[in-house]
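>>> Predicted model and sequence below, questions to follow.
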Amino acid sequence: MIGRKKEMQELLDRYESSRAELVAVYGRRRVGKTFLIDETFDNRITFRHAGVSPAGESKNGLLKKQLDQFYFSLRSQGMTDAKRPKSWMEAFFYLEMFLQGQDQNKRQLVFIDELPWMDTPRSGFITAFEGFWNNWGCHRRNLMVIVCGSASSWILDNLINNHGGLYGRVTCEIRLHPFTLLECEQFLQERGVDLSRYDIVQSYMALGGIPYYLGYLKRNLSLAQSLDEMFFQREAKLSDEFNRLFSSVFDRPVLMQQIVRILSGRNRGYTRSELLDRLRMKDGEVFSKCLKALISSDFILKYVPFGTKASEPHYKLIDQFCLFWLHFRDENKSWGDNYWAENLDSQQIVSWRGFSFENVCWNHIPQIKNQLGISGVSADYSAWTKKADDEEGLQIDLLISRRDHIVNMCENKFWGDDFVVNKDYYRVLLRRKEILAEAFSGKVAVRCTLITTFGLKKNEYSSIFTDIITLNDLFR
């Protein structure tokens, strides 16, 4: 098991407790939720079941398929006298009977994967699950139920933040995030894939620290060859992953994709009203649920840019896979089989590395704070764009506004060698510092921070940067 040590320990602690446990594990699809449970508990699962994916299925017959699959799970795991349930109430009653028949006064572990898929329209699933837990499950000290779901907003709304009969019933929640750069490196080393950290960062730019995607990198291929095989060759393995990703998780996959496509066009993101304008739709509960679902699944980030009101947050796309797919696959369907390997130094790929590295930094704020020596200091993070009529616009990739009255003005530079500050760039940075200090009314000290690949070359202008953070620091 790579990473996930904290999550594994939390699960094991709950397993060893002397009370009934209802555990909810959620996170983006392909992030490794099922693998986490399997590796943690191995052969200790008493009963397991996985919901049937609704993608491509008719809603009219989906309830029957879900119930049939539950029946098959009961039969295959030892309940030979089980009857085919006609409702979820009946299905969970059979589960109670099965567990009672298996009870040997030891911990019983029930694992239900993709629970949100089982809640089909007008199926009464939530009511039945509520009855199962409240009337029976929570009173059995040796019972532990783990439910998983990629539809994170469903888990949050119906279980964790439930205001009805399941209010306060979840005893433990685990939100599984994508791998960090260090975990990506450990994962690849475990699989015998030998890549430099420079290339591992580029793999993160394309695959976003998702274990399932990283598993496609081959030990006998370079990163460029692997990306061609995954995205650009005929019948590439991930050529349609973007569509599958949304259709299998969200109720409104087309609208979700539209939101993500819009957000991919601006690194700093859009406000709610800007998104609505581009979607040409009215504000309301549907749109709120879509944003909430994308945030809870680690696709987008909600933040307040410096200098704007808290009531005007921005929504920023941070899922690296979606950014890569939309940039290179969405509108360009006919790249050659060896497109990536043959165009490594093209302007399009070089430019992509630049803005994609900004998102790598946003996804590694804890590592950046650690290197700055401010892990324990509270701080706000934002991008900043200033428009002016009498001067060029100002754009700062990342601002770290700290409670100790210091602002780190971060410049993110993905470079092939030590970064060099020339006279013109030195003047640009000085001007940015001045404008930023004025915006803070002189109440803070502004420090220029360079986040780059290998380091900073010393010259007469390099002293403009107070702090230098390299790839090795992001891997800590």
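Everything's here; your move.

>>> so where's the protein uncertain?
Low-confidence segments of the chain (pLDDT under 70): 56-58, 331-334, 387-393.

>>> Closest to the centroid, which residue in it?
Nearest residue to the geometric centre of the chain (C-alpha atoms, centre = their mean): residue 298, 3.2 Å.

>>> who touches residue 359 in this structure?
By C-beta atoms under 8 Å, 6 or more residues apart in numbering, the contact set of residue 359 is 205, 267, 318, 320, 323. To be clear about C-beta, it is placed using only N, CA and C from the backbone, and glycine gets the same treatment.

>>> Now do the same for the last one: helix, strand or coil?
This points to residue 323. Using DSSP: H, G, I helix; E, B strand; the rest coil, the secondary structure recorded for residue 323 is helix.

>>> got the contact list for the closest residue to it other than its chain neighbours?
Leaving aside its sequence neighbours, residue 323 sits nearest to residue 264 (C-beta to C-beta, 6 or more residues apart in numbering; 5.7 Å). Shown in contact with residue 264 (C-beta under 8 Å, 6+ apart): 317, 322, 323, 326, 327.

>>> element containing the last one?
In the assignment (DSSP states H and E), residue 327 maps to helix 320-328.

>>> from the chain's centre, how far out does that helix sit?
Relative to the chain's own centre, helix 320-328 is displaced by 14 Å; criterion: C-alpha atoms, centre = their mean, to the nearest Å.

>>> What is the neighbour count of residue 61?
By other C-beta atoms under 10 Å, 11 other residues sit near residue 61.

>>> Helix, strand or coil: sort out it for me.
helix.

>>> can you tell me how far it sits from residue 129?
Note on residue 61: its distance to residue 129, by C-beta to C-beta, to the nearest Å, is 21 Å.

>>> now do residue 102
In terms of C-beta to C-beta, residue 102 sits 20 Å off from residue 129.

>>> Equivalent analysis for residue 456, please.
Distance of residue 456 to residue 129, given as C-beta to C-beta: 56 Å.

>>> And those two? Which one has more around it.
residue 129 (25 against 19).

>>> so the residue lying closest to that one once chain neighbours are set aside, which of the three states?
Closest residue in space to residue 129, ignoring its immediate chain neighbours: residue 92 at 6.8 Å, by C-beta to C-beta, 6+ apart. Reduced to three states with three-state DSSP, the structure at residue 92 is helix.

>>> for the contacts of residue 264, which one is nearest residue 150?
residue 322 (14.6 Å; C-beta to C-beta).

>>> residues touching that closest one, list them.
Applying C-beta under 8 Å, 6+ apart, the residues contacting residue 322 are 208, 242, 245, 260, 264, 299.

>>> Measure how buried the residue lying closest to the last one once chain neighbours are set aside is and give me the count.
I take that to be residue 299. By the measure of C-beta to C-beta, 6+ apart, the closest residue to residue 299 outside its immediate chain neighbours is residue 319, 4.5 Å from it. When neighbours are defined as other C-beta under 10 Å, residue 319 has 26 of them.

>>> ok, now how distant is residue 319 from residue 470?
For residue 319, the distance to residue 470 equals 25 Å [C-beta to C-beta].

>>> all helices for the stretch 151-300 of the chain, in order.
152-155, 181-190, 197-207, 211-214, 223-227, 241-247, 253-263, 272-279, 285-296 (DSSP state H, counting those that start in this stretch).

>>> which residues are in contact with the fifth one?
It stands for helix 223-227. Counting by C-beta under 8 Å, 6+ apart, 195, 199, 202, 203, 206, 216, 217, 218, 340, 341, 344 sit against helix 223-227.

>>> repeat for the longest one
Residues outside helix 285-296 that contact it (C-beta under 8 Å, 6+ apart): 26, 151-153, 156, 175, 250, 252, 255-256, 259-260, 272, 275-276, 279, 281, 300-302, 315.

>>> The same query, at a cut-off of 10 Å, please.
With C-beta atoms under 10 Å, 6 or more residues apart in numbering as the contact definition, helix 285-296 has outside contacts at 26-28, 151-157, 175, 246, 249-252, 255-256, 258-260, 263, 272, 275-276, 279, 281, 299-302, 313, 315, 317-319, 322.

>>> Contact partners for residue 122?
59, 63.

>>> isn't there a helix covering it?
No: with three-state DSSP as the criterion, residue 122 is coil rather than part of a helix.

>>> so what are the domain limits for this structure?
5-176, 181-239+329-358, 243-325, 364-474 (automatic domain parsing).

>>> got the end-to-end distance for the longest one?
In other words, domain 5-176. End-to-end distance for domain 5-176: 12 Å, by C-alpha to C-alpha, to the nearest Å.

>>> any idea how far that domain is from the chain center?
With C-alpha atoms, centre = their mean, you get 23 Å for domain 5-176.

>>> Also the second one?
Shown here is domain 181-239+329-358, whose average C-alpha point lies 18 Å from the average C-alpha point of the whole chain (C-alpha atoms, centre = their mean).

>>> Please apply the same query to stretch 417-436.
33 Å.

>>> got a list of contacts for it?
306-307, 384, 386, 388, 391-392, 394-396, 399, 407, 409, 411, 413, 444-448, 450-465, 468, 470.

>>> Alpha carbons of that stretch, as PDB, please.
Taking Å, rounded to 0.1, in the frame of the first residue of the first chain, the C-alpha atoms of stretch 417-436 are listed here in PDB:
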ATOM      1  CA  ASP A 417      17.400  24.200 -16.100                       C
ATOM      2  CA  ASP A 418      18.200  26.700 -13.300                       C
ATOM      3  CA  PHE A 419      15.900  29.700 -13.700                       C
ATOM      4  CA  VAL A 420      17.600  33.000 -14.600                       C
ATOM      5  CA  VAL A 421      16.300  36.400 -13.700                       C
ATOM      6  CA  ASN A 422      17.200  39.100 -16.200                       C
ATOM      7  CA  LYS A 423      16.900  42.900 -15.900                       C
ATOM      8  CA  ASP A 424      13.500  43.100 -17.500                       C
ATOM      9  CA  TYR A 425      12.000  40.400 -15.300                       C
ATOM     10  CA  TYR A 426      13.600  41.900 -12.200                       C
ATOM     11  CA  ARG A 427      11.800  45.200 -12.900                       C
ATOM     12  CA  VAL A 428       8.500  43.400 -13.500                       C
ATOM     13  CA  LEU A 429       8.900  41.800 -10.100                       C
ATOM     14  CA  LEU A 430       9.700  45.000  -8.400                       C
ATOM     15  CA  ARG A 431       6.600  46.600  -9.900                       C
ATOM     16  CA  ARG A 432       4.500  43.700  -8.800                       C
ATOM     17  CA  LYS A 433       5.800  44.000  -5.200                       C
ATOM     18  CA  GLU A 434       5.000  47.700  -5.100                       C
ATOM     19  CA  ILE A 435       1.500  47.300  -6.400                       C
ATOM     20  CA  LEU A 436       0.800  44.400  -4.000                       C
END
